[in-house]
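K.L.:
Just a sequence and a predicted model for now, questions to come.
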Amino acid sequence: MAVPSYLLPAPTALGSYFWNYLQTGDLLLNLWTTLKEIFIGTIWGILVGLLLGYLMAKISLIERLLMPLILVIQIAPKISLAPLFILWFGLGIGSKVALVILVVSFPVMVNEHMALKQIDQNYRDFLTVLKANHWQRFKTLESPFAFAAVMSGVKLSLTQAMTGAVIGEMMGAKSGLGYLLTYGNEMYDINIILSSVIVLSALGLILYYLAELIEKKILYWR
């Protein structure tokens, strides 16, 4: 039995629609919006994760106060937090960036926190004997030990950043690939939905391999 085209178009028809959609520039403009959200949110998410991870590893009071709250926020489904972020930051790029920061910062924070906690006490005692100051400890001991773990967290974060941006766009946005998915669903246009899915899948693969490449280049000794 033939499948209706409004449910699943033929590959040739979808390919033709996808190509025409690219040529109009609308698809690329929405892709650019999502990329901006991912890029800005990832940069800030990494910085926030590094700061929180270091503070919690060094100051036990901050760890006891913040870790339960952070865990609760991370356990909550991101799709349930998106409306709250939209209420706080509006329908523009701010709410999507905030959601990306949320999903990106956690893996970086946890990996750095665990790496710093696992440093052998003998190394710390040795630096104490040498009368090393805080900067010298950070430069010669803590940074080298935590670097590989942080890079693993960044690699995981890059793939999650796209998910955070798309969830935010689907809940409320003026543009972006997640917005196209919602728009296609409302218009019952399977071509828009599938075109967006194709671009998102390609973007996810690119981000994953980009993260792998960065990890191999930086951690070249592994």
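P.N.:
Cool, got the structure. In this text the structure is predicted, and so the values were computed from the model without any measurement.
K.L.:
where are the low-confidence patches of the chain?
P.N.:
Within the chain, the set of residues satisfying pLDDT under 70 comprises 1-8, 219-222.
K.L.:
so what does the longest helix along the chain touch, helix or strand wise?
P.N.:
For the chain, the helix with the greatest residue count under DSSP state H is helix 26-58. Using 3 or more C-beta pairs under 8 Å, 6 or more residues apart in numbering; DSSP states H and E, the elements in contact with helix 26-58 are helix 11-24, helix 60-75, helix 93-117, helix 143-171, helix 177-186, helix 190-218. All C-beta atoms are positioned from the backbone trio N, CA, C, and that covers glycine.
K.L.:
Buried residues, it. List them.
P.N.:
27, 30-31, 33-35, 37-38, 40-42, 44-46, 48-50, 52-54, 56-58 (16 or more other C-beta atoms under 10 Å).
K.L.:
Kindly report the same for stretch 198-212.
P.N.:
Within stretch 198-212, the residues that count as buried by 16+ other C-beta under 10 Å are 199-200, 203, 207, 211.
K.L.:
for those residues, which one is nearest Gly172?
P.N.:
When the buried residues of stretch 198-212 are ranked by distance to Gly172 (C-beta to C-beta), Leu200 comes first, at 18.1 Å.
K.L.:
For burial, what's the neighbour tally of Phe106?
P.N.:
For Phe106, the neighbour count with other C-beta atoms under 10 Å is 23.
K.L.:
Which residue lies closest in space to it, excluding its sequence neighbours?
P.N.:
In space, not counting the residues next to it along the chain, Phe106 is nearest to Gln74; the distance is 5.2 Å by C-beta to C-beta, 6 or more residues apart in numbering.
K.L.:
centroid residue for this structure?
P.N.:
Ala161 (2.0 Å; C-alpha atoms, centre = their mean).
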